[in-house]
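Colleague: Using only what follows, build the 3D model:
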Amino acid sequence: MFSKLKQLIWEWRGVLITAPSVTALVIGLRFIGLFQFLELSAYDQMFHLRPKEARDSRIVIVGINEKDLQELQQWPIKDKILVELLQKIKQQRPRAIGLDIYRDLPEGTEAEHQKLLQLYQTTPNLIGIKKVVGNDRGPAVNPPPILKEKGQISANDLPLDTDGKIRRQFLYISQNGKPVESLGLRLALMYLEKKGILPKAAKNNDLQLGKVVFVPFEANDGGYVRTDAAGYQVILNFRGAGNFKIISVLDVLKNRIPSDLMRDRIVLIGSTAASVNDLSYTPYSSSLVGIPQRTSGVEVHAHLTSMILSAVMDDRPLIKTLPEWLEWLWIFFGATIGAVLIWQWRYRGGVGKFSVKRTAGILLVIGSFFLISYLAFLAGWWIPVVPPVIAFIGSAGVIISYIARTAGEIRKTFSLYLTDEVVANLLESPDGFKLGGERRKVTILMSDLRGFSSVSEELAPETVVSMLNIYLGEMADQIVKYQGTIDEFIGDAILVLFGAPTQREDDAERAIACAISMQLAMDSVNKKNERLGLPKIEMGIGINTGEVVVGNIGSAKRAKYGVVGHHVNLTARIESYTVGGQILISESTFKEAAKIVKIDAEMNVQPRGSTNPISIYEVGGIEGKYNLDLRKEENILLPLKEEVLLQYSILEDKHITDNIYEATIVKLSIKGAEIRTEQNIEIFKTIKLNLWTNCEKKSLTGDIYAKVLKKLPDEEKIYYIGLTTVAPDAKLLLEQILDT
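Modeller: Model (predicted):
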């Protein structure tokens with residue numbers, strides 16, 4: 001018996017662990033309010049989906065619309081107009097009149113106001129309003145004094161949800177420790193009193209009318225979480241948009257209505273004009289398309305009155321909610337269904353590959369949750385739908401993650417050394433691990449830090465690694481963003497492929513956009529370096545397009561995914577011509593992206609190994625969907641009053657030659673200089689300079705690395721050089737020279 005139970009527990013271990021855990025997590029997230037907005041939105045859609053209900057003929061609304069305001073030419077309407085309006089309404093002998101207009105101050109002459117006060121005295125079924133609680137919708141407002149003395153006052157406060165909608169309504173609201181009936185309740189009680197139905201206290205002192213008990217709203221009812229439940233609130237079961245007879249004030253004043261329209265009915269008077277701004281959002285404002293429509297305040301009060309009358313007289317259900325423990329079971333049910341469903345598929349191929357049948361099954365289960373909640377809503381129950389669906393999806397996701405964990409860990413390990421596309425090609429292609437390659441046109445990007453070798457010589461190895469990790473991390477983010485494949489990191493250099501393993505039509509364009517984005521990201525790299533007390537670094541980038549061999553290169557014991565061919569070497573040569581912040585591209589790459597690339601300069605060079613010179617282009621930006629531009633720093637060369645002495649050596653393949661030459665600085669800027677020398681220097685060569693600190697040539701500064709960019713077109717041997725790396729003492733001396 002125990003062994004069978006143990007075996008059963010083991011077989012269903014995923015479900016037994018996942019379902020309770022996900023349930024607890026979802027309940028916790030629900031209590032912090034994470035799902036409240038989604039649940040309220042789903043609740044609103046229930047109202048939209050519910051069949052349209054018949055108009056409540058017991059209620060008539062006299063609305064003051066925009067046309068009325070244009071003709072009356074005043075808001076609030078004058079006492080004289082209000083007296084005439086109320087007299088005409090009284091003539092039709094309504095059962096109750098609700099005046100949803102603030103009237104604590106006179107609006108007209110003293111004589112007109114006295115007539116209004118006299119009308120108040122002689123109209124026992126007239127109920128005025130006051131605003132009990134001041135808030136962001138306005139301060140508290142006092143009622144008409146006479147109606148207050150006669151006890152014909154109610155509250156018209158509306159409780160707003162966090163999204164600004166009305167979904168609840170007050171039955172009573174407390175003021176100075178005394179309950180004040182809401183306008184909707186007061187009118188309903190007056191109507192029911194004529195039917196012999198009087199209010200009484202039910203269990204827990206809840207309001208009972210006939211057989212119906214109005215259970216007070218609590219802070220966590222339905223989809224709410226820690227909502228303000230002050231006063232005596234109920235969830236408002238709206239009758240529907242446009243479900244009340246609404247006539248205009250002018251229709252009443254000009255006798256354009258039937259003489260018995262209001263007889264024995266409840267009449268509500270209030271503004272429906274948008275300009276008065278007595279409008280609120282309700283569940284019917286949550287349309288999936290179009291501009292949300294707002295409901296006037298007088299209609300909201302009518303909905304409460306109608307809800308009370310319909311519940312007592314027509315057995316129309318109130319909105320009820322489940323106890324919390326039942327909601328927890330409902331969430332647990334969703335989590336269990338999700339866990340069981342996916343757990344059963346673990347050996348049937350349903351998790352590892354797409355299945356229309358199983359996908360349809362998942363959607364059917366999710367749809368069933370919505371259907372159950374909707375059918376319950378039609379019966380007057382608000383059963384949350386979002387938490388069980390989240391629990392279902394969460395459990396399914398956890399089980400899938402558990403089943404796929406081993407494969408995921410392998411893929412994650414691979415991804416540290418290869419890009420996601422290469423990993424996918426290796427793991428998911430039938431020939432993924434087969435040695436060999438194919439000829440393919442790709443765009444190759446190579447980046448390298450300028451002068452990093454000299455910088456790293458002055459720093460501890462751990463610091464150098466930290467700098468590299470900051471730099472490579474930022475660059476990798478940009479490369480992934482533009483769908484490049486990082487072939488390898490070579491010290492401080494990066495080799496990136498566009499077109500392998502996945503070839504796209506815009507490979508060259510994306511490579512150029514990626515290069516610009518990488519250069520722009522160097523600001524972030526240097527800010528991080530600055531915070532860590534590390535030196536500023538600069539990067540050059542070369543891009544070339546051509547046919548190479550792409551594939552798995554190596555042996556059966558050790559292989560790598562990479563590229564081989566002349567164009568790889570040519571890319572490295574193009575990159576070697578760059579200075580910090582510069583991007584150079586080959587002619588083949590330029591032709592691929594000529595429509596949108598911005599070129600600042602064109603130059604002819606003859607790379608080592610090439611029989612003929614080639615054209616390369618300096619990139620300034622790229623247009624089209626990328627719309628990126630390199631930031632150009634102002635680089636003004638200032639002539640020096642006295643030329644500065646220096647000595648220099650030429651670098652061959654990053655090695656310093658033994659020959660030392662002399663030169664002088666003729667002009668200087670922060671980024672470059674013009675130097676005069678008797679020697680011929682090959683353009684794009686890197687040189688190492690040291691400044692003499694005085695004319696006697698007794699002391700040299702630290703190393704300065706620069707690239708020879710061009711020879712000035714005159715008889716003198718003057719070259720323009722771009723500074724790549726400057727030692728601190730040399731930098732200080734150059735700054736002093738510039739200052740003077």
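
Colleague: Please report how far the closest residue to Val548 other than its chain neighbours lies from Leu646.
Modeller: Distances taken as C-beta to C-beta, 6 or more residues apart in numbering place Gly565 nearest to Val548, at 3.5 Å, with adjacent residues excluded. In short, each C-beta sits where N, CA and C put it, glycine included. Separation of Gly565 from Leu646 (C-beta to C-beta, to the nearest Å) stands at 41 Å.

Colleague: Tell me which of the two has more neighbours.
Modeller: Shown here are Gly565 and Leu646; by other C-beta atoms under 10 Å, Leu646 has more neighbours (22 against 17).

Colleague: how about that one, secondary structure?
Modeller: strand (DSSP: H, G, I helix; E, B strand; the rest coil).

Colleague: ok, now Val563?
Modeller: Counting by three-state DSSP, the backbone at Val563 sits in strand.

Colleague: how about stretch 538-558: buried residues?
Modeller: Of the residues in stretch 538-558, 538-546, 548, 550-552 count as buried by neighbour count, 16 or more other C-beta atoms under 10 Å.

Colleague: Would you format the residues you listed as a markdown table with pLDDT and secondary structure included?
Modeller: Listed next are the buried residues of stretch 538-558 as a markdown table, based on pLDDT from 0 to 100; DSSP: H, G, I helix; E, B strand; the rest coil:
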| residue | pLDDT | secondary structure |
| --- | --- | --- |
| Glu538 | 86 | coil |
| Met539 | 90 | strand |
| Gly540 | 90 | strand |
| Ile541 | 93 | strand |
| Gly542 | 93 | strand |
| Ile543 | 94 | strand |
| Asn544 | 93 | strand |
| Thr545 | 93 | strand |
| Gly546 | 90 | strand |
| Val548 | 87 | strand |
| Val550 | 81 | strand |
| Gly551 | 73 | strand |
| Asn552 | 72 | strand |
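
Colleague: Just send those back as TSV, with distance to Asp653 too.
Modeller: TSV is the format used below for the buried residues of stretch 538-558 (distance: C-beta to C-beta, whole Å):
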residue	distance to Asp653
Glu538	21
Met539	20
Gly540	16
Ile541	20
Gly542	16
Ile543	22
Asn544	19
Thr545	25
Gly546	23
Val548	23
Val550	27
Gly551	29
Asn552	30
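
Colleague: Pairing partners for the host helix or strand of Ile127, with directions?
Modeller: For Ile127, the enclosing helix or strand under DSSP states H and E is strand 126-130. Applying DSSP bridges, strand 126-130 is found paired with strand 96-99 (parallel), strand 153-155 (parallel).

Colleague: most neighbours per residue, which of these?
Modeller: Mean neighbour count (mean count of other C-beta atoms under 10 Å) peaks for strand 96-99 among the strands paired with strand 126-130, with a mean of 26.

Colleague: where does this protein have low pLDDT?
Modeller: Of all residues in the chain, those with pLDDT under 70 make up the ranges 1, 134-138, 287-290, 346-355, 404-437, 451, 454, 553-561, 609, 714-715.

Colleague: In it, spot the helix with the most residues.
Modeller: Counting by DSSP state H, the longest helix found in the chain is helix 507-531.

Colleague: which strands and helices sit next to that one?
Modeller: strand 436-449, helix 461-481, strand 493-498, strand 539-554, strand 583-586, helix 587-592, strand 614-622, strand 628-629 (3 or more C-beta pairs under 8 Å, 6 or more residues apart in numbering; DSSP states H and E).

Colleague: Could you chop this structure up by domain?
Modeller: 11-49+322-403, 59-313, 435-629, 638-739 (automatic domain parsing).

Colleague: Adding distance to Lys4, write those out as JSON lines.
Modeller: Output for the domains of the chain, formatted as JSON lines (distance: least, C-beta to C-beta, whole Å):
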{"stretch": "domain 11-49+322-403", "distance to Lys4": "10"}
{"stretch": "domain 59-313", "distance to Lys4": "42"}
{"stretch": "domain 435-629", "distance to Lys4": "49"}
{"stretch": "domain 638-739", "distance to Lys4": "73"}
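
Colleague: For Leu5, find the nearest of those domains.
Modeller: domain 11-49+322-403 (10.7 Å; C-beta to C-beta).

Colleague: Any idea how far apart the tips of the closest one sit?
Modeller: End-to-end distance for domain 11-49+322-403, by C-alpha to C-alpha, to the nearest Å: 14 Å.

Colleague: Now for Gly542: which residues touch it?
Modeller: By C-beta atoms under 8 Å, 6 or more residues apart in numbering, the contact list for Gly542 reads 445-447, 571-578, 583-585.

Colleague: Okay, buried residues for stretch 578-598 please.
Modeller: Across stretch 578-598, burial judged by 16+ other C-beta under 10 Å covers 578-586, 588-590, 592-593, 596-598.

Colleague: now it, how far from the chain's geometric center?
Modeller: In terms of C-alpha atoms, centre = their mean, to the nearest Å, the centre of stretch 578-598 is set 35 Å apart from its chain centre.

Colleague: returning to that earlier point: which of the residues in the longest helix of the chain are classified as buried?
Modeller: Buried residues in helix 507-531, defined by neighbour count with 16+ other C-beta under 10 Å: 507-519, 521-522, 525-526, 528-529.

Colleague: hey, where'd the strands end up in the stretch 101-250 of the chain?
Modeller: Using DSSP state E, counting those that start in this stretch, the strands of the stretch 101-250 of the chain run over 126-130, 153-155, 168-175, 178-181, 199-201, 207-209, 212-214, 232-235, 245-248.

Colleague: Could you export stretch 712-731 as CSV, keeping only the C-alpha atoms?
Modeller: Written as CSV, here are the backbone C-alpha positions of stretch 712-731 (Å, rounded to 0.1, in the frame of the first residue of the first chain):
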residue,chain,number,x,y,z
LEU,A,712,49.7,67.8,-46.5
PRO,A,713,49.9,68.8,-50.2
ASP,A,714,53.0,71.0,-50.1
GLU,A,715,56.7,70.8,-50.5
GLU,A,716,57.4,70.4,-46.8
LYS,A,717,57.0,66.9,-45.2
ILE,A,718,54.1,67.7,-42.9
TYR,A,719,51.7,64.9,-41.9
TYR,A,720,48.4,65.0,-40.2
ILE,A,721,48.1,62.4,-37.4
GLY,A,722,45.2,61.3,-35.3
LEU,A,723,46.0,60.7,-31.6
THR,A,724,44.8,57.3,-30.3
THR,A,725,46.4,56.8,-26.9
VAL,A,726,48.2,59.5,-24.8
ALA,A,727,50.0,58.9,-21.5
PRO,A,728,48.9,61.0,-18.6
ASP,A,729,52.0,63.2,-18.4
ALA,A,730,52.0,63.7,-22.2
LYS,A,731,48.3,64.6,-22.1
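
Colleague: what residues does the helix or strand encompassing Ile337 touch?
Modeller: Using DSSP H and E, Ile337 maps to helix 324-344. With C-beta under 8 Å, 6+ apart as the test, helix 324-344 has contacts from 12, 14-15, 18-20, 22-23, 26-27, 30, 220, 322, 350-351, 361-362, 365, 369, 383-384, 387-396, 398-400, 403.

Colleague: now swap in stretch 704-720 and tell me
Modeller: By C-beta under 8 Å, 6+ apart, stretch 704-720 touches 450-451, 454, 577, 579, 666, 672-691, 721-727, 730.

Colleague: Now intersect these with the strands, please.
Modeller: 666, 672-677, 686-691, 721-726 (DSSP state E).

Colleague: Please indicate which of the residues you listed are buried?
Modeller: So, of the ones in strands among the contacts of stretch 704-720, 666, 672-677, 686-691, 721-726 end up buried under the neighbour-count rule (16+ other C-beta under 10 Å).
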